[in-house]
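Student: everything below, folded, please.
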Amino acid sequence: MKTNHSLIEAHIFRTNGNELEFLLLKRADDERYPGIWQMVTGSVNENEKAFAAALREIKEETGLVPDKFWVVPNVNSFYSPEKDIVIMIPVFAAQVSDNSDVIISSEHSEFKWVNKDDAKKLLAWNGQRTSVDTIYQYFTSKKSTLFFNEIKID
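Tutor: Below is the predicted model of the structure:
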């Protein structure tokens, strides 16, 4: 069995006072997994770095350009029985300004900003909920032992 790293997951957040709000996107009815809520996801193109794919997908799916961008110390995964491979998905966190205008792509039918608990209720997969917890802990706990590697963006 082989592994593959052709997908990314990017959690966009903003601050609202002392709280974090996560941007969730609802899949359009004509897309795979119609109607589910998710963060930005997408494919890594040939010869593209995963972090570059995440930044590209954020722009394509939301119209947003992050103020800051990090690698989250978490990798999600799933098994594809059709291809008999395990897909490894690097996770990223992107902070945007409080007043950023979201412009969703045709892949999604709506969006909303939600707190951590609501995000965890809406997200379909446990790994995505774990990523939300990890991001929340890192950016709200003064005693966090986690380390997020910031990727400088121009």
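Student: in the protein, where's the longest strand?
Tutor: strand 68-80 (DSSP state E).
Student: which parts of that strand are buried?
Tutor: Across strand 68-80, burial judged by 16 or more other C-beta atoms under 10 Å covers 69, 70, 71, 72, 74, 76. Backbone N, C-alpha and C define where each C-beta goes, glycine included.
Student: from the residues you listed, which is closest to residue 97?
Tutor: residue 69 (13.4 Å; C-beta to C-beta).
Student: for the closest one, report the pLDDT, please.
Tutor: Predicted confidence (pLDDT) for residue 69: 97.
Student: same check on residue 105?
Tutor: Residue 105 is given a pLDDT of 94.
Student: which element is it on?
Tutor: For residue 105, there is no host helix or strand (DSSP states H and E).
Student: with residue 129 instead?
Tutor: Assigned by DSSP H and E, residue 129 belongs to helix 126-140.
Student: run through who's touching that helix.
Tutor: 9, 11, 13, 18, 20, 22, 38-39, 72-74, 76-77, 89, 91, 93, 116, 119-120, 123, 144, 146, 148 (C-beta atoms under 8 Å, 6 or more residues apart in numbering).
Student: now stretch 18-31
Tutor: Contacts for stretch 18-31 (C-beta under 8 Å, 6+ apart): 11-15, 33-40, 61-62, 64, 96, 102, 104, 106-116, 119, 122-123, 132, 135-136, 139-140.
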